[in-house]
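Engineer: Sequence plus predicted model, see below.
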Amino acid sequence: MIGERIRKLRKQKKLTLAELAGSELTKGMLSLIENNKANPSMESLAYIAKRLEVDVSQLVNEVNVVELREVLNEAEKGYSMNMEDPADKYEKLIQLIEPHIHKLNQGYEAARLLDLYGRSLYREKKDWKNSIDKAAALYEQMNLTQKRASIGLFRSIVHFIRHHYEKALEVLLLERKMIEGRFAYIDPITRLDLDYHEAVFYFAVGSTESAKRVMNDAIAFSKENKTYYLIDDLYRLAAASAQMSEDAELYNYYILKLKQYAEFSEDEGSWLSYHIFTIESLISVKRDYHSALEIIDSYLADAESTLKFKEWFYLEKGKALHGLGEYEEAIRYLDQAGVPPYHHHPFDLSQFYLSNTYKALCYEKLGDSEKALAAAGTAVKQFKAMPDSPYKEFSKKTYDELGGMGG
C-alpha cells in the first residue's frame, strides 16, 4: 500500500511526520495517508516524493525497488553462509522471498531474488525450474552475461551432482551455445567458468582429448589475459588428468605450477591441494610412506583448520599405514575416509572408492578372506559407473586375485 511505503521511506530517511509534511501538508493529513485512511492527490504524492528524494513511481508502483533491495540484501546474507549453515537455511530463504514473487518482473533485484529462490527450492527438493527460467530471461534482458552463465552452469551441475555426467555435459554445451549466440561479448571470468566446467564434464564422461583441449585453451587464455581466476583449479584438474593417465612428466609439471601458485597467492586451499597430491605421489609412486605420514600428521594434528579436507588425509593415512604393514590401524583410518559430500567427479570418487580396495588388501593380510572379498567387491561395484582408469583396473585386479568372479 502507498501509505506503508511512504511511512517506511520516511523512517529510513529518519524524518518525523512534521518534517516530511513540511509547509504543504499537515502532520495529521500525512498520518492519515500513511495509515491508508486518506488517498493523496498526485500533487501531494509529487511533493512527498520530492521530500523523500525518490521518484513518484516508487510510491505508486507495487514494486518498490528499495524494498526489494532490502529483501535481496537479507537473502544474499542468508545464502552466503557456509561453515555453520542452519538446517533450515533454504526454507528460510524461500519464506523470505515467496511473499514478493508476484512482484519480480523486472530489474536486477527481481532477477537475483528469483535466482536465489529457485536455487533454494532445488535444495529443498521442490519445483525450481520456473523461477530459474524467469531469472535467466531477466538476466538476458539486462545483458548480464556472467549472471546468465551462472544459471547455465547451475542447470548442468544439477545433473552432474547426480552423477549423470553425459546429461550434464549435454546441458552445458547447449547453454554455452545459447549464451555465446545471444551475447556479443563474453567477459574473461565467464569464459573461464564455462571452459573449466566444460573440461571437468568432458573428463567425467571419458572424453579425455576434448577435455585436454578445452583445459589447455583455458590455461593459455588465463595466462595471456593475466586473469588468474580458476587457474589453481585448472592446475588441479590438469594434475589429476596426468595422474589418471600415468603421465609422470606432465603430472610433475602441473604439481610444480600448483605449488608456485600457492606460494604466490598464499591460498590455503591451494596449499592443501598441493600437499594432497604430494602425499599421494609419495605413497603410490615413491613408496615413501614415512615422509607421507609426516605431512599427513602435521595436518591431522590441527584438524579444525582442515575440516573440509580431513577425509583425504584419513584416506592417504590408511594407504600409507597399509604400505608399512600396520593393517589394523590402516583399516581404522580407511573406515573414516567416507566420500565428502562435495565430491562428485570421477577423479575424486575413484580415489575414495579405492579405500575399500585397500581395506580388502589389509583384511587379506590379517587372514580374514571373507571380509577381504566383500570389501573388494564393494569397490568393484562402486567403480562400475566410472570411466576406465588405473584405479578402476587396480580395484578389479585386486578383486579377481582375491577370488572374485565377474564384477
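Structural biologist: Sure, I can see it. Numbers count the residues shown, from 1 in each chain.
Engineer: Contacts for stretch 74-91 next, please.
Structural biologist: With contact meaning C-beta atoms under 8 Å, 6 or more residues apart in numbering, stretch 74-91 is reached by 92-93, 96-97, 112-113, 116, 119-121, 123-124. All C-beta spots, glycine's among them, are computed from the backbone N, C-alpha and C.
Engineer: Buried only: go through the residues you listed for me.
Structural biologist: For the contacts of stretch 74-91, burial is judged from neighbour counts taken by 16 or more other C-beta atoms under 10 Å, and it is met by 93, 96-97, 112-113, 116, 119-121.
Engineer: what would these look like in a markdown table with distance to residue 145 and pLDDT?
Structural biologist: A markdown table is the format used below for the buried ones among the contacts of stretch 74-91 (distance: C-beta to C-beta, whole Å; pLDDT from 0 to 100):
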| residue | distance to residue 145 | pLDDT |
| --- | --- | --- |
| 93 | 25 | 96 |
| 96 | 27 | 96 |
| 97 | 24 | 96 |
| 112 | 15 | 97 |
| 113 | 19 | 97 |
| 116 | 19 | 97 |
| 119 | 19 | 97 |
| 120 | 24 | 96 |
| 121 | 24 | 97 |
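Engineer: CA atoms only: put stretch 7-15 into CSV for me.
Structural biologist: Below are the C-alpha coordinates for stretch 7-15, written out as CSV (Å, rounded to 0.1, in the frame of the first residue of the first chain):
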residue,chain,number,x,y,z
ARG,A,7,6.0,5.5,6.2
LYS,A,8,8.8,3.1,5.5
LEU,A,9,10.8,5.5,3.4
ARG,A,10,10.2,8.3,5.9
LYS,A,11,11.6,6.2,8.7
GLN,A,12,14.6,5.2,6.5
LYS,A,13,15.3,8.9,6.0
LYS,A,14,14.8,9.4,9.8
LEU,A,15,12.2,12.1,9.2
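Engineer: Point out where the stretch 1-150 of the chain drops to low pLDDT.
Structural biologist: 57-58, 61-64, 82-85 (pLDDT under 70).
Engineer: re earlier: among the contacts of stretch 74-91, give me the pair with the biggest separation.
Structural biologist: Of all pairs drawn from the contacts of stretch 74-91, the one with the largest separation by C-beta to C-beta is 112 and 124; the distance is 18.7 Å.
Engineer: about what we covered before: which of the contacts of stretch 74-91 fall within helices?
Structural biologist: Secondary structure assignment (DSSP state H) places 92-93, 96-97, 112-113, 116, 119-121, 123 from the contacts of stretch 74-91 within helices.
Engineer: if I look at the residue nearest to residue 171 when sequence neighbours are not counted, how far off is residue 130?
Structural biologist: Of all residues not flanking residue 171 in the chain, residue 156 sits nearest, at 4.2 Å (C-beta to C-beta, 6 or more residues apart in numbering). Applying C-beta to C-beta, to the nearest Å, one obtains 18 Å for the distance of residue 156 from residue 130.
Engineer: Settle it for me: which of the two has more neighbours?
Structural biologist: Set side by side, residue 156 and residue 130 give different neighbour counts by other C-beta atoms under 10 Å, the larger being at residue 156 (23 against 12).
Engineer: Help me confirm that the more buried one comes into contact with residue 168.
Structural biologist: Yes - between residue 156 and residue 168 there is a contact under C-beta atoms under 8 Å: 4.8 Å.
Engineer: Return every residue with contacts to both of those two.
Structural biologist: In terms of C-beta under 8 Å, 6+ apart, residue 156 and residue 168 are both contacted by the residues residue 201.
Engineer: packing partners for the lengthiest helix in the chain?
Structural biologist: What stands out as the longest helix in the chain, according to DSSP H, is helix 346-365. Based on contacts counted as 3 or more C-beta pairs under 8 Å, 6 or more residues apart in numbering; DSSP states H and E, the elements that helix 346-365 packs against are helix 188-204, helix 231-244, helix 310-323, helix 327-335, helix 369-383, helix 390-401.
Engineer: For that helix, buried residues please.
Structural biologist: Residues 346-347, 349-364 are the ones in helix 346-365 that count as buried (16+ other C-beta under 10 Å).
Engineer: cool, stretch 42-57 as well?
Structural biologist: By neighbour count, with 16+ other C-beta under 10 Å as the criterion, the buried positions of stretch 42-57 are 44-45, 47-49, 51-52, 54.
Engineer: can you check stretch 27-43 too?
Structural biologist: By neighbour count with 16+ other C-beta under 10 Å, stretch 27-43 contains the buried residues 29-31, 33-34, 40.
Engineer: if we can go back for a sec, return the member of the buried ones among the contacts of stretch 74-91 nearest to residue 387.
Structural biologist: Each of those was scored against residue 387 by C-beta to C-beta, and residue 119 proved nearest at 29.1 Å.
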